[in-house]
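**Q** Pasted the sequence and its predicted model underneath.
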Amino acid sequence: MHAFVAVAHHFSLSAGLCLLIQSITCQYVLIQESKSWDEARAYCRQNHIDLATVQNNEDWTNIQRDFQPALTSVAWIGLYNNITSWRWSYQDERMIFVNWYPGEPNNLYGKQEYVVMQIDKWNDRDYDNQFPFFCYNEELTGANRFVFVTSLKTWHEAQSYCRQHHTDLATIRSQSENDQLQRMMQGVMRTWTGLFRDSWKWSDDANVNRPSINWMTGQPNIGGLNRPCGVIGPDGLIDDRVCSDALPFICRICKFHV
């Protein structure tokens, strides 16, 4: 069972003096052999290109159409959620100081990608929760670098505000800075920080176009410390499963045409 998708790509050659237009034909191959997501990715990379990457509703429709009736259960695609990719909003800086509550981060319901300071420690929360937040101003020094904003905003709204009026959401690099922010909270229970992680991505590291993911009702819902990966079902809907589950999978083959 094969699905074909033609995409036009443009490449500049010889310092932009020549423009070559190529098409890429992608063929999806259903492998009826049960493997974990990591094993399936390794198989696809060794024998084809990678696990299936689909970016729009037309791609989902093609896979659903061309694999029926062979696709009788869910199968792995290249969708995965990196629950350990924490970094700071300012300059994508990696964590050098960690101050989680015991049992956190727990990715509750599979949707917690942003971090609040809760009294004196950190907890992961949903992006659409509204809290006060800390901004950071790189042009100032000492305690003046941090600005406590009491307005209630989502994480992305807080990030936009801080980038417009200061530098970015706050980065916490030490226990002393953590203690400083705690004092500035003045009894407020939770405040946004700049800490966040990657959400769903494709196995080739391409970003996910979230509106194109046709989730089953109530999905994604895998939380805790489980590592979630994506599957597609016979109905074309997407579900999340623990990546260690053994399932069939869909590989991708792409060919260039001049």
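**A** Yes, it's here. What you are looking at is a predicted structure, and each value in this text was computed from that prediction instead of being measured.
**Q** Quick check: residue 227 touching residue 81?
**A** Yes - look at residue 227 against residue 81 with CB atoms under 8 Å: they come within range, at 7.2 Å. No exception for glycine: its C-beta is placed from N, CA and C like everyone else's.
**Q** Those two: which is more packed in?
**A** More crowded of residue 227 and residue 81, by other CB atoms under 10 Å: residue 81, with 24 against 19.
**Q** Okay, and the residue nearest to residue 149 when sequence neighbours are not counted sits in which element?
**A** Nearest residue to residue 149, sequence neighbours excluded (CB to CB, 6 or more residues apart in numbering): residue 133, at 5.4 Å. Assessed by DSSP states H and E, residue 133 sits inside strand 131-136.
**Q** Tell me which helix or strand comes right after that strand.
**A** Later in the chain than strand 131-136, the nearest helix or strand by DSSP H and E is strand 146-153.
**Q** Show the subsequent helix or strand relative to that following strand.
**A** That would be, after strand 146-153 and using DSSP H and E, helix 155-165.
**Q** what's in contact with the helix or strand following that following helix?
**A** Next along the chain after helix 155-165, taking DSSP H and E as the criterion, comes strand 168-169. With CB atoms under 8 Å, 6 or more residues apart in numbering as the test, strand 168-169 has contacts from 88-91, 133-136, 158-159, 162, 192-194.
**Q** Give the other helices and strands that the next helix or strand after strand 168-169 contacts.
**A** Once strand 168-169 ends, the next helix or strand along the chain (criterion: DSSP H and E) is helix 175-185. Here helix 175-185 touches strand 112-118, strand 146-153, strand 190-197, going by 3 or more CB pairs under 8 Å, 6 or more residues apart in numbering; DSSP states H and E.
**Q** For the last one, list every residue counted as buried.
**A** So that's strand 190-197. Buried positions in strand 190-197, judged by neighbour count with 16 or more other CB atoms under 10 Å: 191, 192, 193, 194, 195, 196, 197.
**Q** check contacts around the fourth one.
**A** Looking back up the chat, that one is residue 194. 88, 89, 90, 134, 136, 159, 162, 168, 169, 170, 171.
**Q** and the closest residue to the fourth one other than its chain neighbours, what does it touch?
**A** The spatially closest residue to residue 134, leaving aside those adjacent along the chain, is residue 170, at 3.7 Å (CB to CB, 6+ apart). Counting by CB under 8 Å, 6+ apart, residue 170 touches 133, 134, 135, 136, 146, 162, 181, 193, 194.
**Q** rerun that using 6 Å as the cut-off
**A** Neighbouring residues of residue 170 by CB atoms under 6 Å, 6 or more residues apart in numbering: 134, 136, 146, 193, 194.
**Q** Next: residue 75.
**A** Residue 75 neighbours (CB under 6 Å, 6+ apart): 248, 249, 250.
**Q** And for the helix or strand harbouring the first one, what's in contact with it?
**A** When elements are assigned from DSSP H and E, residue 248 belongs to strand 247-257. Taking CB under 6 Å, 6+ apart as the criterion, the residues outside strand 247-257 that touch it are 22-32, 34, 40, 44, 48-50, 52, 75-77.
**Q** Of the residues you listed, which qualify as buried by neighbour count?
**A** Buried, going by 16+ other CB under 10 Å: 26-31, 40, 44, 48-50, 52, 75-77, out of the contacts of strand 247-257.
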